[in-house]
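Q: Dropping a prediction and its sequence here:
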Amino acid sequence: MKWTDSATFEWTSRISNFEAKQQVARSVAGQVRSGQVIGIGSGSTAYIAIQEIGRRLKQEGLDFLGIPTSLEARLACAQAGIACTSLLEHRPDWAFDGADEIDGDGNMIKGRGGAFYSEKLVDGAAAKLFILVDRSKLVRRLGTQFAIPVEAHPPAARWVERQILALGATEIVARTSAGKDGPVFTEHGNVILDARFPEIGPTLEKDLKSICGVIESGLFWGLKPEVVVAD
């Protein structure tokens, strides 16, 4: 995102499949009711949904609270006029989010934006979860397009890397960003290791989380979300 002269901000790059994402964003915006607490995901599709929800808020005078999953989402909520709270005060009635990959059972890889730790907290706490995707995100097997991001405490990064390799990873890359020397740091001050596995099974999420030094992984297994797919 970038700040503009009008003290607002916008997505910094062209949003792929914009029309399809706007379709599902409008669908989820139609679920909002006054009195609800809504978990608000991160990423381009969630950003469009926040804008659509903001339009409804202004047009209909809705009164609800959002729990954003990242600073980026909180800034978008501020621009849209959405009042925010946290898991300390409320549990979300429902949440919406995107995914990088999702299989036929609703298992996902998330985390290209680096907010998967907070996303997993909010998505898992919600009574109902909507995942908004276009068809490019649907896969038969997880790991087809993306590695699994793993958020690790920086001093433990080398140890974590060795333990991930012991779980069968074939490649691990510390995430970096164009224009910045060194690794990307998350909002919580941790590094991200992107790990590729030849097979991703039902125990891998817990196996990764059991490594001392791992904060969270971007493997979301067993949440059984309602998947909203744009045509």
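A: Structure's in. What do you need?
Q: ok, His90 - contacts?
A: Residues near His90 by CB atoms under 8 Å, 6 or more residues apart in numbering: 37, 65, 67. Heads up, the C-betas are built off the backbone N, CA and C, glycines and all.
Q: From one end of stretch 92-107 to the other, what's the distance?
A: End-to-end span of stretch 92-107 (CA to CA, to the nearest Å): 21 Å.
Q: buried stuff in the helix of greatest length in the chain?
A: Counting by DSSP state H, the longest helix found in the chain is helix 44-60. Across helix 44-60, burial judged by 16 or more other CB atoms under 10 Å covers 44-54, 56-57.
Q: With stretch 167-178 instead?
A: So, applying 16+ other CB under 10 Å, buried residues of stretch 167-178: 169, 172, 175.
Q: Ok, stretch 91-103 next?
A: 92-103.
Q: I'd like the residues you listed written out as TSV, with pLDDT, distance to Phe220 and secondary structure added.
A: Shown next, in TSV, are the buried residues of stretch 91-103 (pLDDT from 0 to 100; distance: CB to CB, whole Å; DSSP: H, G, I helix; E, B strand; the rest coil):
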residue	pLDDT	distance to Phe220	secondary structure
Pro92	98	16	coil
Asp93	98	20	coil
Trp94	98	16	strand
Ala95	98	12	strand
Phe96	97	14	strand
Asp97	96	9	strand
Gly98	93	11	coil
Ala99	94	8	coil
Asp100	95	10	coil
Glu101	97	10	strand
Ile102	97	9	strand
Asp103	97	11	coil
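Q: all strands of the protein, in order?
A: Remark: strands assigned in the chain by DSSP state E are 2-3, 9-10, 37-40, 65-68, 94-97, 101-102, 108-109, 129-134, 148-152, 171-174, 191-196, 214-217, 219-220, 226-230.
Q: buried set for the last one?
A: I take that to be strand 226-230. For strand 226-230, by 16+ other CB under 10 Å, it's 227-228, 230.
Q: Run through who's touching it.
A: By CB under 8 Å, 6+ apart, strand 226-230 touches 17, 20-21, 23-24, 27-28, 102, 106, 128-135, 138.
Q: hmm, back to that, next, format the buried residues of stretch 91-103 as a markdown table and append distance to Phe185.
A: Shown next, in a markdown table, are those (distance: CB to CB, whole Å):
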| residue | distance to Phe185 |
| --- | --- |
| Pro92 | 27 |
| Asp93 | 32 |
| Trp94 | 31 |
| Ala95 | 25 |
| Phe96 | 26 |
| Asp97 | 22 |
| Gly98 | 22 |
| Ala99 | 23 |
| Asp100 | 20 |
| Glu101 | 24 |
| Ile102 | 27 |
| Asp103 | 30 |
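Q: Return the closest of these with respect to Gly114.
A: Using CB to CB, Asp100 is the member of the buried residues of stretch 91-103 that sits closest to Gly114, with 11.7 Å.
Q: Could you find the closest non-adjacent residue to Ala126?
A: Ala95 (3.7 Å; CB to CB, 6 or more residues apart in numbering).
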